[in-house]
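Q: Starting from these lines, generate the structure:
(2 chains)
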Amino acid sequence: IIVGVPLWWRTTETYRAWLPVSQINELSNLQLQLSAEVEVVFARGTVTPEQQKKVPLTQIQDEEHTVDGDLFINAVCLVVTKIRRLQGNICLKCVFSRGHSFEVQDMDVYVGQRRTALLRIGAQMRVGKTLDQLLAHLEPRIKQVLQVMSFSHTDISAALSDRVRLSPGNKESIADSMRTFKSSPGYEITFSLLNPDPKSHRLHWDIEGAVQTYIQPLLTKLASVANFSIDSQTLYYAMLGVNPRFDSSLSAYTLHSDSLAHVINPVEARLGSNAASSNPVLNFLLYVPDAHHSPLYIHDRKKQEVPSNAFHSPRWGGIMVYNVNGFYGPEAVFPVDVNINMAKVMGVFLAQLRLLLGVQSSTAPSGFLVAPCGSNGLADWELDRLMWSRSVENVATATTTITSLAQLLEQIGNIVINDNIAEQVSSAVTSLQLAVAELETGNLRFALQYSKEAILASERAFFDPSLLHLLYFPDDQKFAIYIPLFLPMCVPILLSLLKIVSDARQKRREKQAKKD
Amino acid sequence: MAAHRCSLSALLLIICSLLVFIVADSEKATLTGDHHATAVDNLQTVTETEEGAAAEEPAVEEERRWEETVVEEATADKEDTSAPETVVQSSVPQPKDDFQEELVIRPLHSGDIYASFQFRTLWETDFMRGNKVSHYRLFPKSLGQVISKFSVRELHISFTQGYWRTMQWGQPFLPSPPGAELWVWFQDSVTDVDGTWKELTNVLSGIFCASLNFIDSTNTVQPSASFKPLGIGNVTDHRFLRYATLPREIVCTENLTPWKKLLPCGSKAGLAVLLKSEKLFHSSFHSQAVHIRPVCQDWQCKTTSWELRQTLNVVFDLHTPGQGKLEWSLFKMFSRTLTEACPLASSSKIYIDITDDPQGEQFEVSPATHLLSQAMVLGDRRTFSVYDLTQQITFGTVRSLNLLIRWKSSEGDMLRPLLHAERYVAGYGLQTGEIHTLMYNNHPYRSFPVLLLDSVPWYLRLYIHTLTVTSKGKDNKPSYIHYQPSKDRVRPHLLEMLVQLPPNSVTEVTVQFERALLKWTEYTPDPNHGFYVGSSVISSLVPSIVAMDTNSTREQPLFSSFFPCKEESSYFMRVYTEPLLVNLPTPDFSMPYNVICLTCTVVAVGYGSLYNLLTRSFQIEEPSPGLAKRIANIIRKMRGVPPL
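A: From the prediction side, this is the model:
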């Protein structure tokens, strides 16, 4: 027994490396502190110099977003009045001016292309008010600006939608949060030209040039968020899943919004997945209806024609229908050569791409004027917003992965934990902590970087195949090995135990009989 | 000795380069279609002016059409410059890719029908630019991504169900071994070839729904001479070559569907309409393949383009019992007829081999066509009737083409194939055995060298000192031997030999082996079925049948018939032998459990008796009364008499 039991113990033990369980548990009730720095600059003439001196240098606004009780987001808005730059930090700049610079009179706030917002101070506030009143007047406005330009409650809850269940009934916000792709280190963008009728249409699209002019600027801007790769293909004889209905009043074929859900499935089988990477794919399809079903229009719920003739599917991509019956001419000689107007197509796809990547502008409150985005299709503050929500989402996903892995390992004792997994887990935990710290100080770029690393490490640990080796080693096999030894050995022991018990009982009975 | 070896290797190099050249040449000759066929015809115009003219017609027409598009383009350009606002049929960019499809049907002497589909996509592009953006039109995106990600120079993959019977059917257009075969040349920029190979096989297994992921180092070899690049490229360093076969692989519908998906027209139009799996897999032989290689775009080879060649070969057994007459049609074979060509294809043709029966004595083809074409196929001059699907006339008034062949007589015998091979395992017991490879040279007076490649798994331990090569009862010393011994569980044996086959002879290669014992987890789920050993590959330059033709009955000009002309003197051929099925010593897999049970029972019995011995207290007991006394007592009790 002295030799056998330790030997048996050592040989049947599974190797389990040490995991930072306490740190993981700490992470599970994570408190995120997001901070955005606001620089308030008063234009000349809005405040008097002596007032300006008195303006407090910093002012901290705390705002607590509680999402489903389990995760607190402590959003700290650090309002820095006066000009003060912090190296590397992202600042929102609010410039207060006297309004004459506004061209549109009924606009109170103008949000610029970079990170600047111009605010107008009401005329009654301009003169003869104390500083406190002025600041009190400003506060709600700044808050509004912040919500537009950095993050609001809905953004954060959307980013965390995987982790917390959204309150039912709020259908619109669910749709919003479902639309954007999940955060991932890279995306594949695939443009597909669907030509169901190559016999009658010979389509030409200058996708290479269009990508260079329309899509590439946006992607270079987004390069810090994720890696993108673009390709395109042409698919022939690719049919939609629904037969469009003929509308005689329009003399056109129509697709109703209810049936759009069934359109994609047969096409998707042809699209093919990317053989070379495992990143999520954003599909953009340009569908040219065949000659017999043309023109084809998409109708919305109110039976109105959709002006762009396009729709998108959440977390999948977008489809645009491109009618070419204008090319037929009086005497149609098939096949018709068609040159596709890429500006029109790419406009639609770019809008869809922005939506799917989550660069949607939250509806600005009244009185806000948002500057049209520049040539690269993305304002700086929009990029910041995206980075906020992506880092929060990454952090949330990574913590969920790590905590569930830790739980799983705790529950099932059979799993072998190799050293490399322990290493991955601890690196994920450290980069998570770093990401949280960077979020606190407002270093978006580093926060995103660390959160990406955390996700990668945690996923690699979670999906490591070595975890599976002994997972399915069932208990009945153990029984099958041990029972042939123990069952025959038990028989004499049990029999003698029975005998002892019966002997004892008999003795007691005898005793009782003696007493009587 | 060293000098001798040096000269040998130099000789080998020369032969190899020659092989490559001639492979490229012969393949082009067989497969580029009409253009080349007409070129061949032009050489023969003296004799076959009529046929040549007939075959030339479409080519000329094609050329004219080509010009027309150019003109159109020019006018369109003018329009654009004059009125840029109007978007009328504006300039059409010349597509850089091209798609061709063809089907060759050959009635075999055994009465079977051999149908060979070829789909070729040419794309003038460069995958190796390092450009991230890739735009695909006709070329399938999934394969393009594979090429650019893994820096593939050439990729050849084939899936075959059934064994090609060379003796009955002659030579196939594209040979392939039973099961799956994959060989890849990587670019010389690849540093970790083995890692890339592993990833590539995994990706390909996903693309083709095949178990190519079972390819690992234990069944991968690097042949030094047998597999040379078929496309352009001067890299012949075999470090960048990987070759693997999976003889066990079973090919079925799930492999055909992704293969069809790679075609630009899918299975919706063109010849691919015929590819219905319920008929294709109801056949004696089925083989589908994908070949990707860089080829020259023009004669000077200034620009290169990528060629994707998808082939599908199938042999239908038409000996349906109970039917007296032999008849064959597209509908009967594929349960479909053709109605249109693929609109994307620049050429779409059906060839029917009527070489054996130019006068229509043995069989009759309907609808008849006047288009004839000649091509050199595997060293033989063959005549084909051609059906051009891009012409509306081909489909006739019923708008569908249903080719029909009716046999009139089934006589006439096939010329024996010049080279064929077979292989078997000899020996008894489960310890040792012997692999015999027989190579037949049926040429009456010419000898030629062949390269034999054998890749044997490590669990058959070859005794290389027992290797003997004999032909005609005499020892035949191979002029080149490349042997790489196996390592257990790491790599297989690789044996490559250059053997000269004497005319009209059988050359036998034998080598003995020992069967290894495997670990119990290494056995397949059905170990008693046996273990497969892949086909050996025999590649050689075979003297042409035409050159062999010495009978002077054929009408030929006298000046052409004295020396056999150079191009036709030999052609490249690859022959695959049967895969072997070898039994390995197989343990009884319930044995461990039996042992556990037995020992545990013995231990338990011993333990029980010891326990009893230790715990029982012994006491003297009165001997119990005997049986007779007990019975007597019972009787006395019943009678009410006190017991004894």
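
Q: Tell me the residues of chain A that contact chain B?
A: A:190, A:198-199, A:202, A:204, A:206-208, A:211, A:229-234, A:236-237, A:270, A:272-276, A:327, A:335-337, A:339, A:341, A:480-481, A:484-485, A:487-489, A:491-493, A:496 (CB under 8 Å from any CB of the partner chain). C-beta coordinates here come from the backbone N, C-alpha and C atoms, glycine included.

Q: For residue 198, report the pLDDT, please.
A: Because you didn't say which chain, this covers chain A. Confidence at residue A:198, expressed as pLDDT, is 81.

Q: my bad, the chain I had in mind was chain B
A: 92.

Q: Report pLDDT for the residue nearest to it when sequence neighbours are not counted.
A: Distance criterion CB to CB, 6 or more residues apart in numbering or on different chains; nearest residue to residue B:198, sequence neighbours excluded, is residue B:216 at 7.1 Å. On the pLDDT scale, residue B:216 is placed at 89.

Q: Low-confidence ranges, chain B, go.
A: B:1-95, B:127-133, B:234-235, B:318-326, B:357-362, B:378-379, B:408-414, B:545-569, B:644 (pLDDT under 70).

Q: Quick one: neighbours of residue 256, just the number.
A: Picked chain A for this. Using other CB atoms under 10 Å in any protein chain shown, the number of residues around residue A:256 comes to 14.

Q: hm, I was asking about chain B
A: Residue B:256 has 22 nearby residues by other CB under 10 Å.

Q: next one: residue B:632
A: 15.

Q: Ok, the one 3 residues further on next?
A: Residues contacting residue B:635 under the criterion other CB under 10 Å number 11.

Q: got it, and residue B:588?
A: 7.

Q: likewise residue A:5?
A: Counted with other CB under 10 Å, residue A:5 comes out at 9.

Q: swap in residue B:624?
A: Residue B:624 has 8 nearby residues by other CB under 10 Å.

Q: Quick check: it is in a helix.
A: No - looking at residue B:624 with DSSP: H, G, I helix; E, B strand; the rest coil, it is coil, so not inside a helix.

Q: what about it, distance to residue B:633?
A: According to CB to CB, to the nearest Å, residue B:624 stands 12 Å off from residue B:633.

Q: likewise residue A:401?
A: Relative to residue B:633, and taking CB to CB, residue A:401 is found at 83 Å.

Q: of the two, who's got more company?
A: residue A:401 (21 against 15).

Q: In contact with the residue lying closest to that one once chain neighbours are set aside, which residues?
A: Ranked by CB to CB, 6+ apart and with sequence neighbours excluded, the top spatial neighbour of residue A:401 is residue A:458, at 4.1 Å. With contact taken as CB atoms under 8 Å, 6 or more residues apart in numbering or on different chains, residue A:458 is in contact with A:398, A:401, A:402, A:405, A:424, A:425, A:428.

Q: hmm, stretch B:347-355 touching chain A?
A: No - counting by CB under 8 Å from any CB, chain A is not contacted by stretch B:347-355; separation bottoms out at 13.1 Å.

Q: Now do the same contact list for the residue in the stretch 351-500 of chain B positioned nearest to chain A.
A: Residue nearest to chain A within the stretch 351-500 of chain B (CB to the nearest CB): residue B:390, separated by 12.2 Å. Residues near residue B:390 by CB under 8 Å, 6+ apart: B:341, B:345, B:347, B:348.

Q: Please repeat the previous calculation with a cut-off of 6 Å.
A: B:341, B:348 (CB atoms under 6 Å, 6 or more residues apart in numbering or on different chains).

Q: separation between it and residue B:336?
A: 19 Å.

Q: cool, and residue B:301?
A: Counting by CB to CB - residue B:301 and residue B:336 are separated by 40 Å.

Q: Residue B:368 now?
A: 22 Å.

Q: And these two? Which one has more around it.
A: Neighbour totals were compared for residue B:368 and residue B:336, and residue B:336 leads with 16 against 8 (other CB under 10 Å).

Q: residues in contact with that one?
A: With CB under 6 Å, 6+ apart, residue B:336 has these contacts: B:273, B:274.

Q: Is it in a helix, a strand, or coil?
A: Going by three-state DSSP: residue B:336 is coil.

Q: For chain A, which residue gets nearest to chain B?
A: For chain A, CB to the nearest CB, closest residue to chain B: residue A:488, 3.0 Å.

Q: any idea which element the nearest residue to that residue once chain neighbours are set aside lies in?
A: Nearest in space to residue A:488, with sequence neighbours left out and distances taken as CB to CB, 6+ apart, is residue B:604 at 3.0 Å. According to DSSP states H and E, residue B:604 maps onto helix B:591-615.

Q: elements contacting that helix?
A: helix A:475-515 (3 or more CB pairs under 6 Å, 6 or more residues apart in numbering or on different chains; DSSP states H and E).

Q: pLDDT averaged over the helix it packs on, what's the number?
A: On average, helix A:475-515 scores 83.

Q: now do stretch A:286-296
A: For stretch A:286-296, the mean confidence score works out to 81.

Q: Would you mark the buried spots in that stretch?
A: A:286, A:287, A:288, A:289, A:290, A:291, A:293, A:294, A:295, A:296 (16 or more other CB atoms under 10 Å in any protein chain shown).
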